[in-house]
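**Q** Sequence and predicted model, in that order:
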Amino acid sequence: DQQVKQNSPSLSVQEGRISILNCDYTNSMFDYFLWYKKYPAEGPTFLISISSIKDKNEDGRFTVFLNKSAKHLSLHIVPSQPGDSAVYFCAASAWEDNNDMRFGAGTRLTVKP
Amino acid sequence: DAGVTQSPTHLIKTRGQHVTLRCSPISGHKSVSWYQQVLGQGPQFIFQYYEKEERGRGNFPDRFSARQFPNYSSELNVNALLLGDSALYLCASSHNAWGTEAFFGQGTRLTVV
């Protein structure tokens, strides 16, 4: 039962443009959401998080938006840089069980120079 | 500062054998989590330990066990290996008690033949 879904396996954008990565979840108990970035031959790296009491969290070029009613979150990268090319995983956890992070399958972002 | 280190990086075992995977967290991190990642999917939560106590367990059979040592390093043990246990095993360390906002190691690629 995949509770966190990333329906786009890949995304290609031009350098300088906006990258939008999407994530949907089904479990209404999820209240903490994270994005991880993974380069080849490396483990995932924590990027940014958001709790359900917010609908937006910003960190430099990275902004995560949360739409609780739609059970949808997105990661915006502006402006995109070639070094952002990686696989991005969305993850979610529930307060009562928040050591059990559920991950999506990932979206491979390619930023073209 | 060293990141999360895992050993070995690659391992080949035959069905029915036992395997031990090792993880050293980032210095100062007291939480260690283990994840299994199969090709094309996101990481799946196996265990989380904090201060040497098990804080969470995912939906894995009892053949999987783990422990955390006084120096916060951790071992994941898998008994009676099955072909389906072939995967990348990721260890993640975190400063918080819930294992979120974690830093991942490069993983151990286990192949069961």
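**A** Done, it's in.
**Q** now for the lowest-mean-pLDDT helix or strand in chain B, which elements pack on it?
**A** The weakest-scoring helix or strand in chain B, judged by mean pLDDT, DSSP states H and E, is strand B:53-57 (a mean of 89). Packing partners of strand B:53-57 (3 or more C-beta pairs under 8 Å, 6 or more residues apart in numbering or on different chains; DSSP states H and E): strand B:44-50. In this view, the C-beta of every residue, glycine as well, is placed from N, C-alpha and C.
**Q** any weak-confidence spans in chain A?
**A** Scanning chain A for pLDDT under 70 picks out A:1, A:95-99.
**Q** Which element, helix or strand, includes the spatially most central residue of chain B?
**A** Nearest to the geometric centre of chain B sits B:W34, at 3.2 Å (C-alpha atoms, centre = their mean). For B:W34, the element it lies in under DSSP states H and E is strand B:31-37.
**Q** on that earlier part again, partner strands of the least confident helix or strand of chain B, with direction?
**A** strand B:44-50 (antiparallel) (DSSP bridges).
**Q** List the contacts of the partner strand.
**A** Contact with strand B:44-50 is made by A:99-103, B:30-38, B:54-58, B:60, B:64, B:66-68, B:74, B:76, B:97-99, as judged by C-beta atoms under 8 Å, 6 or more residues apart in numbering or on different chains.
**Q** can you pull the contacts of A:V87?
**A** The neighbours of A:V87, taking C-beta under 8 Å, 6+ apart as the test, are A:K37, A:K38, A:G106, A:T107, A:R108, A:L109.
**Q** how many neighbours does B:R67 have?
**A** Neighbourhood size, B:R67 [other C-beta atoms under 10 Å in any protein chain shown]: 14.
**Q** Kindly report the same for the one 3 residues further on.
**A** Here the neighbour count serves as a burial measure; for B:P70 (other C-beta under 10 Å) it reads 7.
**Q** Look up the closest residue to it, ignoring the ones flanking it.
**A** Nearest residue to B:P70, sequence neighbours excluded (C-beta to C-beta, 6 or more residues apart in numbering or on different chains): B:K52, at 6.7 Å.
**Q** Show the pLDDT at that neighbour.
**A** What the model reports as pLDDT for B:K52 is 90.
**Q** what about A:L21, distance to A:Y39?
**A** 16 Å (C-beta to C-beta, to the nearest Å).
**Q** returning to that earlier point: and the contacts of strand B:44-50, which are buried?
**A** A:99-103, B:30-37, B:55-56, B:58, B:60, B:64, B:66, B:68, B:74, B:76, B:98-99 (16 or more other C-beta atoms under 10 Å in any protein chain shown).
**Q** My read is that A:E42 contacts B:Q106, right?
**A** Yes: using C-beta atoms under 8 Å, A:E42 is in contact with B:Q106, at 5.9 Å.
**Q** Identify the residue nearest B:T14 in space, chain neighbours excluded?
**A** B:V113 (5.7 Å).
**Q** Tell me how many other residues crowd that neighbour.
**A** Using other C-beta under 10 Å, B:V113 has 10 neighbouring residues.
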